[in-house]
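Participant: Give me a 3D structure for the following:
(2 chains)
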Amino acid sequence: MTHATLEASMAADRVRMKDGPPAGSREARALDVTWDDPPGLLGWFCAINHKTIAKRFIVTTLGFFAAGGLIAAVMRMQLSRPENTLVGPDMYNQLFTMHGTTMMFLFAVPVMQAVAIYLVPLMVGSRTVAFPRMNAFAYWIFLFGGLMLYAAFFVNSGPDAGWFAYVPLAGPDYSPGKRVDFWAQMITFTELSGLIEAIVIIATVFKMRAPGMTLNRMPLLVWSNLVTSFMVLFAMPAVMLASTALILDRLVGTHFYNPAEGGDPLLWQHLFWFFGHPEVYLIFIPGLGFLSSVIPTFSRRPIYGYTAMVLSLVATGFLAFGLWVHHMFATNLPELGKAFFTAMSMLIAIPSALQIFCWIATMWTGRLNLKTPMLFVLAFFFILVLGGLTGLMLGAVPLDLQVHDTYFVVAHLHYVLIGGAVFPLFGAFYYWYPKIKGRMMGEALGKASFWLMFIGFNAAFFPMHWLGLHGMPRRVYTYQAGMGWDGMNLLSTLGAFTFAAGVFLSLVNAVASARRGAVAGADPWGAGTLEWSIASPPPPCNFHAIPTVHGRDPLWQPAPGGAPARVSGLAVNVREVLVTSVIDALPDHRMTSPNPSPWPFLTALATTVLFIGSIFTPWAVVWAAIPATIATILWFWPKHKDNSEDLALEKAP
Amino acid sequence: MTTAATPASRSDATLDVSGLPSFRFSHHSPMWWGTLGMIAIEGTVFALAIASYFYLRMHSNTWPMFALPPDLFWGTLNTAVMLGSLVPNQLAKSASERLDLPAVRLWLSVALVFAFLFLGVRVMEFASLNVRWDSNAYGSIVWTLLGLHTTHLITDTIDTTVLDVLFFTGPLDGRRFVDVSENCFYWYFVVGSWLPIYLVIYWGARPWPS
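Facilitator: Next up is the predicted model:
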């Protein structure tokens, strides 16, 4: 039956046809048609399926990861020997600013949210996310914001004041021109995307879980994304306020950071690090969620200490907001405050240690299966322990003052961020790739990639501890011969290229496996969470029949005798979803989900015009707000077709 | 959790949800959670902006810097207007939750009149701040606080206008009543967030009793 004939037969049944048996039935095929993205070029811009948006998001963030990595490679080449002239100081300033900005704002947090947008609905048993059009909108503004930054870079207007953009260096006096303006607006833009995604994830987790998936049965990855999303709500507004004040200082002459007129540069640092330290945990906590998915599967047993793990995630989220001043120990702050933030920096090690204990207990009491995803996870333990130890060192005021602004800090932050996020993320890619593509990634290439990345990473960043302790400052474009830094810098550069080769091998593996990998099947690893109960790749509607959940690992704990195994009674030719209660996931009401629309894309376009225009004149905010408002209204305004569907299904409470 | 009305074997047992309502209000609705998320974000921005105000004040020898405190009249009048707007706002919310179309039309329209009124008074507030945004850090932060809140007033007014027009023109269904309820919920935030901002802008710039 073609789509056209199926649609014609569906039209006859209208909303009377309800979801039914999952395997190849007429209802199942109708569901696929209903939930699929529209075809053609226009359909491409109208797509709102969460998997489509998430895949675009993941590819885009990986593209930025590659760009940030290429920039890092140029920097390492420049530093590979003393008094090198590959790039000059001006270009080097742009390079390290672009590298940090790209990795923090265009890769690390967005890729975690992108993966969440793909996996969370599948893991909680939902057909979609809570606000699919907002989800699409968030992707488009993220893309446009990132492209705006790179467009500026390619026309030699790349930001050059560091990814932290400390004032007064980033202020109008020391950074004339438009470089920092592009940076500031890109920050506001991409953080807007992050905030929207956080709301989408929170509402999806709270209201779209399959019946029976109480909060106490939610997968730990979903918990980690929930905690992360709440952190986003309270952390990212700080950097948006800070960057808005910065551009106001630069564009309309306000004085937030100008001490000559009552402003204070330290206000920037407080606002920036109130965001910036939680930012590290926004990257790290989803990584913990990946570990809690991969370890039970490859240990072949449920996670040890589920409740302790959840409480540790929540505690980490809370404590992350009490650390920001440890980035400011070298400033003139009261000693009592520094002591408090030292104590908090030590305290956060406790929940992390508790989780590590639970993972080790899970592996210890299980039967370990050392596939590629598990190797990346094991690397986390080695790298993060080192990064965590240097973190404790930097959390102490005397040592922090000693190594402040040296390569020791660069080594620490890369150990934490790459060990805490990138290695778990690569493990996650190898783990969920079969679900996304329907084929397995090559195991031999995977292991080769892992070892190159692991050896290369340690060769690149471990010497930086030594360099820092021997006084090499960070953010310098070159150094003189005879300082004793030559050998370690060369080793670091060779390590960086080895690491890059490992990443490239994984890319080759992914591309080759998409066509030639072994067919995966629904559950190739024998995992226990809901996403493995459906076909690989998942159908457009995710679940032809929404499952009911009877345990923490639904595939390992099927419905007991007589209990319902699935939901029935939702329309198949209208995007109808089940909404459940927050704590117990009891069925609450049915709700129609929005249809595909071009308006999220067009609204994002109008918003981009507003933001880019505002770099040049404040009046752009006024004039470009008009098309943005019109686009938003048209986005919201109900179509008669959608309205008639809603009315046909309507049942008042 | 209830099972399907008809007895079934283990493999066929389903949880039939066809009898559930197609929309619900308040925390039952995902839209309520989305609105709460927006309130959390914007509330954090306001809180941080207020904290910035006091941070700058703490580091200044004089406050306000080389300016008179804002005139109290227009700001206090606007506070009264905003508090007054809570009455039609609540009546519109209650009407939407009763699915009472004529009452929603009436009270949403009345609330809209209030919205335009306090936007008009807001213009006078800016004129009575007694300082420019580019005069000094004090001027920058009070203009920003007032500007941030005004942005919320404008967006909520546009939102309310669109909903009001929709309720007169259609097409309508039950979920649009949920939209009205959530719009009123957000209105509470816009008014509620104004009270600390009002106190900071208008009374934070006046001498405190020693």
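Participant: What residues of stretch B:87-101 count as buried?
Facilitator: Of the residues in stretch B:87-101, B:88-89, B:91-93, B:95-97, B:100 count as buried by neighbour count, 16 or more other Cβ atoms under 10 Å in any protein chain shown. Bear in mind the C-beta positions are built from the backbone N, C-alpha and C, glycine included.
Participant: residues near residue B:53, how many?
Facilitator: By other Cβ atoms under 10 Å in any protein chain shown, the residues close to residue B:53 number 22.
Participant: Same check on residue A:147?
Facilitator: Counted with other Cβ under 10 Å, residues neighbouring residue A:147 total 15.
Participant: hang on, the earlier thing: of the buried residues of stretch B:87-101, just say which sits nearest to chain A.
Facilitator: Nearest to chain A among the buried residues of stretch B:87-101, counting by Cβ to the nearest Cβ, is residue B:97 at 9.2 Å.
Participant: Might you report the residue contacts of the closest residue in space to the closest one that isn't next to it in sequence?
Facilitator: Nearest residue to residue B:97, sequence neighbours excluded (Cβ to Cβ, 6 or more residues apart in numbering or on different chains): residue B:25, at 5.2 Å. By Cβ atoms under 8 Å, 6 or more residues apart in numbering or on different chains, the contact set of residue B:25 is A:653, B:32, B:96-97, B:177-178, B:181.
Participant: ok, back up a step: turn the buried residues of stretch B:87-101 into TSV, including pLDDT, distance to residue B:192 and secondary structure.
Facilitator: Formatted as TSV, the buried residues of stretch B:87-101 follow (pLDDT from 0 to 100; distance: Cβ to Cβ, whole Å; DSSP: H, G, I helix; E, B strand; the rest coil):
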residue	pLDDT	distance to residue B:192	secondary structure
B:88	97	16	helix
B:89	97	11	helix
B:91	98	18	helix
B:92	98	17	helix
B:93	97	14	helix
B:95	98	21	helix
B:96	97	20	helix
B:97	97	20	helix
B:100	97	25	coil
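Participant: On the C-terminal side of the longest helix along chain A, identify the next helix or strand.
Facilitator: Assignment by DSSP state H gives helix A:265-299 as the longest helix of chain A. Proceeding N to C from helix A:265-299, the next assigned helix or strand is helix A:306-319, under DSSP states H and E.
Participant: in that following helix, what's buried?
Facilitator: A:306, A:309-310, A:312-313, A:315-317, A:319.
Participant: where does chain B dip in pLDDT?
Facilitator: Residues of chain B meeting the criterion pLDDT under 70: B:1-12, B:209-210.
Participant: And the helices in it?
Facilitator: Counting by DSSP H, the helices of chain B are B:30-58, B:72-97, B:101-127, B:137-169, B:174-198.
Participant: near chain B, which residues of the stretch 201-350 of chain A?
Facilitator: The stretch 201-350 of chain A comes close to chain B at residues A:202-203, A:206-208, A:211-212, A:233-234, A:236-238, A:240-241, A:245, A:248-249, A:252-256, A:258, A:261-264, A:267, A:270-271, A:274, as judged by Cβ under 8 Å from any Cβ of the partner chain.
Participant: Mind doing that once more with 6 Å?
Facilitator: Residues of the stretch 201-350 of chain A lying near chain B by Cβ under 6 Å from any Cβ of the partner chain: A:202-203, A:206-207, A:211, A:233-234, A:237-238, A:241, A:253-256, A:261-264, A:267.
Participant: If any of those are buried, put those into a ChimeraX selection.
Facilitator: Filtering these down to the buried ones (16+ other Cβ under 10 Å) takes a single ChimeraX command:
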select /A:202,203,206,207,211,233,234,237,238,241,254,255,256,261,262,263,264,267
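Participant: Can you flag which of the residues of the stretch 201-350 of chain A next to chain B belong to helices?
Facilitator: Those of those mapping onto helices are A:202-203, A:206-207, A:233-234, A:237-238, A:241, A:267, per DSSP H.
Participant: quick one: which two of these are the most distant?
Facilitator: For these, the farthest-apart pair by Cβ to Cβ is A:207 and A:267; their separation is 38.1 Å.
Participant: coming back round to it: what angle do the longest helix of chain A and helix A:306-319 make?
Facilitator: 170 degrees (axes from the mean of the first three to the mean of the last three Cα atoms, to 10 degrees).
Participant: Run through the residues of chain B sitting next to chain A.
Facilitator: B:1, B:3, B:10, B:13-18, B:20-22, B:24, B:28, B:30, B:33-34, B:37, B:40-41, B:44-45, B:48, B:55, B:59-60, B:65, B:133-134, B:136-137, B:140, B:162, B:171, B:173-174.
Participant: No further queries at this time; thank you.
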